[in-house]
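Novice: Generate a structure from the sequence data that follows.
(2 chains)
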Amino acid sequence: MQTATRRFRAVDALLIILMLLPLLCGIVIKILFVPPGEGMDISGAAVFFTIPLPIQSMPITESQVNSWLVMLFVTGFCLYMTHGIRAGVKTRRQHLAEWIVEKTDGLVKDNMGEYFAGFSPLIGAVLALSACSSLLTLLGLFPPTSDLNIVGGWALLVFCLITYYKMKCGPVHYLKSFAEPVALLTPMNVISEIATPVSMAFRHFGNVLSGVVISTILGAALTGLTTTLLGWLPGFLGDIPFLKVGIPAVLSLYFDLFSGCLQAFIFAMLTMLYVASAFPMEDYFQRRELKKKTQKQSTK
Amino acid sequence: MQNLEIISINFWQIFVSLLNLVLLFLILKKLLYKPVRKAIQEREDALNQQYQAASDAEARAKAHEAEWNETLQNANAKADEIIKAAQTNASRRSEEIVNDAKGQAKGILTQARNEIELERKKSEDGIKHEIVDISALMAEKLLGREINQEDHRAWIDSFMQEIGESDDRNQ
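Specialist: Have a look, this model is predicted:
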């Protein structure tokens, strides 16, 4: 028993290390390879190296690396949460894991219905990836969500899901759905169809980026304000940006913490609503009934 | 090291990001949702099992209750029967004993009576003898002569008989 608990604790510690190591790696990579921005420098993700590929060469950027680190972190988190999960055990860890699962299940069931119950891991993944990516700013890392390509990829996945569920009734039904309610609106429908993922991607990207932009501008402004107000202080005291202490933290509370979590939630909600509304459930079940009937008749 | 433009679109990056999300979906499904759901299912099963066991036990208890009630009633009836049988037995025995005792007492009484009668007869006979002897002696003395012992005895006997009858009548 003693050895078992010791082994359990050792595995626990290992999993916690596995969970925190990616974040540490991110900070180390940032310190080692990314030159610090100066002043009002607002730019995209730093490119580590570029892989030549057909169509377009693929740069491995900070955002890519950071999103992989977030994935590793989430994987470690899952492993830690479910380590030693059993029916009879009542630990805080297990309660939290069950809470997460039940909450996402409930969210999916409320917004999408019973048919889409299998979507809860995807919604959980969207929430985890988006929120953790945005919250990386708290560690001083580049948030992958402020890269359009990253959120664009997620939006493209949502678009694929929407199209897949619209196609469930066959391609003819899918094409017909564009001419509703009148054929005149077809171009509008096509545009709105394409606008859905684009708007999702830009919404998320823009919200996170705006936070970064405002934080940067505010940092520069506060530095300038300090030098004009307190520049008369002798020696190195004049160089310390005193006003930068505390005030950005308050704004960070909104732009990094609140906005990051809110945007993750909004993205997840929109995913659920778009996918659920894309699926013509009544038509689908009618068609299935019809198919069954015809099959029965043919077998007779 | 150069940076990307703020708004830059790269097909491969988008593709990789899409795959990342799918991968994370699979990871979450496999590592978080599956074990947690399994644990919840196990707990529910255990709970259901306990409920089942409890209801089974209740049903069994109810069945046993009926059984016990029946046996209790049977036992009561049996006890009543036994008591009744014992009572009748006892009364019969006591009657027998009393009758026996009565019979014995009667026997003893009759025997005693017979003995008394016998004794009385014996003593009567003795007295008669004595009276006869004495009267003969007196008569001899009075008459001064010998009397025929045999005649005298017969005469006195008849006389005594008369006295005895008159005695019986007086009683």
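
Novice: The strand or helix carrying residue B:49 vs chain A: in contact?
Specialist: Residue B:49 belongs to helix B:34-143 when assigned by DSSP states H and E. Yes: applying Cβ under 8 Å from any Cβ of the partner chain, one finds helix B:34-143 in contact with chain A at B:35-40, B:42-43, B:45-46. All C-beta atoms are positioned from the backbone trio N, CA, C, and that covers glycine.

Novice: in chain B, what secondary structure element scores lowest on mean pLDDT?
Specialist: Lowest mean confidence among the helices and strands of chain B (mean pLDDT, DSSP states H and E): helix B:149-170, at a mean of 71.

Novice: who's in contact with residue B:18?
Specialist: Contacts for residue B:18 (Cβ atoms under 8 Å, 6 or more residues apart in numbering or on different chains) come out as A:153-154, A:156-157, A:160.

Novice: What's the local residue count around residue A:232?
Specialist: Number of residues near residue A:232 (other Cβ atoms under 10 Å in any protein chain shown) recorded here: 9.

Novice: could you redo the contacts of residue B:18 as CSV and give each row neighbour count and secondary structure?
Specialist: What follows is those, written out as CSV (neighbours: other Cβ atoms under 10 Å in any protein chain shown; DSSP: H, G, I helix; E, B strand; the rest coil):
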residue, neighbour count, secondary structure
A:153, 23, helix
A:154, 26, helix
A:156, 19, helix
A:157, 22, helix
A:160, 13, helix
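
Novice: filter those residues down to the ones near chain B?
Specialist: Among the contacts of residue B:18, chain B is touched by A:153-154, A:156-157, A:160 when using Cβ under 8 Å from any Cβ.

Novice: so which of those residues would you say is closest to residue B:93?
Specialist: residue A:157 (104.0 Å; Cβ to Cβ).

Novice: residue contacts, the closest one?
Specialist: Contacts of residue A:157 by Cβ under 8 Å, 6+ apart are B:18, B:21-22.

Novice: With residue B:135 instead?
Specialist: residue B:156.

Novice: is the helix or strand harbouring residue A:209 up against chain B anywhere?
Specialist: Using DSSP H and E, residue A:209 falls within helix A:186-230. Yes: on the criterion Cβ under 8 Å from any Cβ, helix A:186-230 is in touch with chain B at residue A:209.

Novice: So which other helices or strands are in contact with that helix?
Specialist: helix A:148-166, helix A:247-252, helix A:259-278 (3 or more Cβ pairs under 8 Å, 6 or more residues apart in numbering or on different chains; DSSP states H and E).

Novice: and those, which is most packed in?
Specialist: helix A:148-166 (a mean of 22; mean count of other Cβ atoms under 10 Å in any protein chain shown).

Novice: Any idea how far that one is from the middle of the chain?
Specialist: Centroid separation for helix A:148-166 versus its chain: 13 Å, with Cα atoms, centre = their mean, to the nearest Å.

Novice: Let me see the mean pLDDT of that helix.
Specialist: Average pLDDT, helix A:148-166: 91.

Novice: again with stretch A:84-101
Specialist: So the average pLDDT for stretch A:84-101 ends up being 81.

Novice: Counting neighbours, which bits of it end up buried?
Specialist: By neighbour count on 16 or more other Cβ atoms under 10 Å in any protein chain shown, the buried set for stretch A:84-101 is A:85, A:94, A:97-98, A:100-101.

Novice: Format the helices and strands packed on helix A:186-230 as TSV; extra columns: distance to residue B:106.
Specialist: Converted to TSV, the helices and strands packed on helix A:186-230 look like this (distance: least, Cβ to Cβ, whole Å):
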stretch	distance to residue B:106
helix A:148-166	119
helix A:247-252	129
helix A:259-278	115
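
Novice: from the residues of helix B:34-143 next to chain A, which single one is nearest residue A:190?
Specialist: residue B:37 (40.2 Å).

Novice: picking that back up, can I get the residues of helix B:34-143 next to chain A in TSV including neighbour count and pLDDT?
Specialist: What follows is these, written out as TSV (neighbours: other Cβ atoms under 10 Å in any protein chain shown; pLDDT from 0 to 100):
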residue	neighbour count	pLDDT
B:35	21	88
B:36	22	88
B:37	16	88
B:38	14	88
B:39	20	87
B:40	17	87
B:42	14	88
B:43	15	87
B:45	11	91
B:46	12	90
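
Novice: Grab the nearest non-local neighbour of residue A:60.
Specialist: residue A:48 (5.0 Å; Cβ to Cβ, 6 or more residues apart in numbering or on different chains).

Novice: Correct me if wrong, but the one you found is in a helix.
Specialist: No: counting by DSSP: H, G, I helix; E, B strand; the rest coil, residue A:48 is located in no helix; its state is strand.

Novice: gap between it and residue A:107?
Specialist: Distance check for residue A:48 against residue A:107: by Cβ to Cβ, to the nearest Å, it reads 36 Å.

Novice: Next: residue A:287.
Specialist: Distance from residue A:287 to residue A:107, by Cβ to Cβ: 29 Å.

Novice: repeat for residue B:22
Specialist: 20 Å.

Novice: In terms of neighbours, single out the busier of these two.
Specialist: Shown here are residue B:22 and residue A:107; by other Cβ under 10 Å, residue A:107 has more neighbours (19 against 16).

Novice: Nearest spatial neighbour of whichever residue of chain A sits closest to chain B, chain-adjacent residues omitted?
Specialist: For chain A and chain B, the shortest gap (Cβ to the nearest Cβ) falls at residue A:153, measuring 2.6 Å. Take residue A:153 and drop its neighbours on the chain: the residue closest to it by Cβ to Cβ, 6+ apart is residue B:17, 2.6 Å away.

Novice: Give me the buried positions along whichever strand or helix holds the one you found.
Specialist: Using DSSP H and E, residue B:17 sits within helix B:11-28. When burial is assessed from 16+ other Cβ under 10 Å, helix B:11-28 yields the following buried residues: B:12-18, B:20-25, B:27-28.

Novice: follow-up on the earlier one: which one of the ones next to chain B among the contacts of residue B:18 sits closest to residue B:127?
Specialist: Using Cβ to Cβ, those come closest to residue B:127 at residue A:157, 153.2 Å.

Novice: okay, stretch A:78-97 in PDB with CA atoms only?
Specialist: C-alpha atoms of stretch A:78-97 as PDB (Å, rounded to 0.1, in the frame of the first residue of the first chain):
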ATOM      1  CA  CYS A  78      -6.200  15.900 -18.800                       C
ATOM      2  CA  LEU A  79      -3.700  13.200 -17.800                       C
ATOM      3  CA  TYR A  80      -3.300  14.700 -14.400                       C
ATOM      4  CA  MET A  81      -7.100  15.200 -13.900                       C
ATOM      5  CA  THR A  82      -7.900  11.600 -14.900                       C
ATOM      6  CA  HIS A  83      -5.000  10.000 -13.100                       C
ATOM      7  CA  GLY A  84      -6.400   7.600 -10.600                       C
ATOM      8  CA  ILE A  85     -10.100   8.300 -11.500                       C
ATOM      9  CA  ARG A  86     -12.400   5.700 -10.100                       C
ATOM     10  CA  ALA A  87     -16.000   5.300  -9.200                       C
ATOM     11  CA  GLY A  88     -15.500   5.200  -5.400                       C
ATOM     12  CA  VAL A  89     -12.900   8.000  -5.100                       C
ATOM     13  CA  LYS A  90     -13.900  11.500  -4.000                       C
ATOM     14  CA  THR A  91     -11.100  13.900  -4.700                       C
ATOM     15  CA  ARG A  92     -11.200  17.500  -5.700                       C
ATOM     16  CA  ARG A  93      -9.400  16.600  -8.900                       C
ATOM     17  CA  GLN A  94     -12.100  14.100  -9.800                       C
ATOM     18  CA  HIS A  95     -14.800  16.600  -8.900                       C
ATOM     19  CA  LEU A  96     -13.300  19.200 -11.200                       C
ATOM     20  CA  ALA A  97     -12.900  16.700 -14.000                       C
END
